[in-house]
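Student: Take a look and give me a structure for this.
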Amino acid sequence: MNWLWISAVVIVIDQATKHLAVDRLVEHQPIPVLPFLNMTLTFNPGAAFSFLGSASGWQRWLFSGIAVAVSVFILSWLRRLPRGLIWVPSALALILGGALGNLWDRLALGHVVDFIDVYYDRWHWPAFNVADSAICVGVAMLLLSAFRDDEKS
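Tutor: Residues are numbered from 1 along each chain as shown. Okay, the predicted model is just below:
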């Protein structure tokens with residue numbers, strides 16, 4: 001369980017950047033950073049890609065419950081991993097930190113704060129945050145680990 005520091009770092013960076021975004025950005029008013037990147041504050045009451053974002057509020061508790069269940073599962077998985085592994089526990093810690101970062105928002109605010117807006121021409125990827133990024137990187141690492149021979153889990 002010595003990998004939980006990664007989760008803690010993800011949560012701290014996620015919450016700090018969300019706090020800055022809420023403090024310094026105006027909702028739906030993009031601030032250009034790069035030719036393909038804006039900082040654009042949005043509030044997402046749904047899940048990924050605003051899935052169920054327009055529901056009446058029950059989705060907050062559904063997605064919070066899912067985050068808790070996934071977190072418990074990941075903690076259990078981390079406890080059972082043999083010592084000496086690096087890749088898989090790091091991936092799980094990233095996913096756990098991301099899940100808990102977004103869970104914090106859901107419980108405290110009723111929505112998730114998103115602010116990273118990647119785009120090309122007029123096509124915009126749905127806004128996301130540091131927690132979402134950690135989850136995606138962690139999942140990608142887990143998928144890659146399925147093809148690696150040097151770390152059995």
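
Student: correct me, but residue 96 touches residue 76?
Tutor: No - using C-beta atoms under 8 Å, residue 96 makes no contact with residue 76, being 11.1 Å away. Yep, even glycine has a C-beta here, placed from its N, CA and C like the rest.

Student: How are the helices of this protein distributed by residue range?
Tutor: Assigned by DSSP state H, the helices in the chain fall at 4-24, 58-80, 87-109, 130-145.

Student: if we can go back for a sec, counting neighbours, go ahead and name the busier of residue 96 and residue 76.
Tutor: Per other C-beta atoms under 10 Å, whichever of residue 96 and residue 76 has more neighbours is residue 96, with 29 against 9.

Student: quick revisit: pick the most buried one from the helices of the chain.
Tutor: Sort these by mean neighbour count, taking mean count of other C-beta atoms under 10 Å, and helix 87-109 sits at the top with a mean of 22.

Student: Give me the angle between it and helix 4-24.
Tutor: Angle of helix 87-109 versus helix 4-24, following axes from the mean of the first three to the mean of the last three C-alpha atoms, to 10 degrees, is 40 degrees.

Student: which strands and helices sit next to helix 87-109?
Tutor: Where contact means 3 or more C-beta pairs under 8 Å, 6 or more residues apart in numbering; DSSP states H and E, helix 87-109 is packed against helix 4-24, helix 58-80, strand 112-120, helix 130-145.

Student: Thank you, goodbye.
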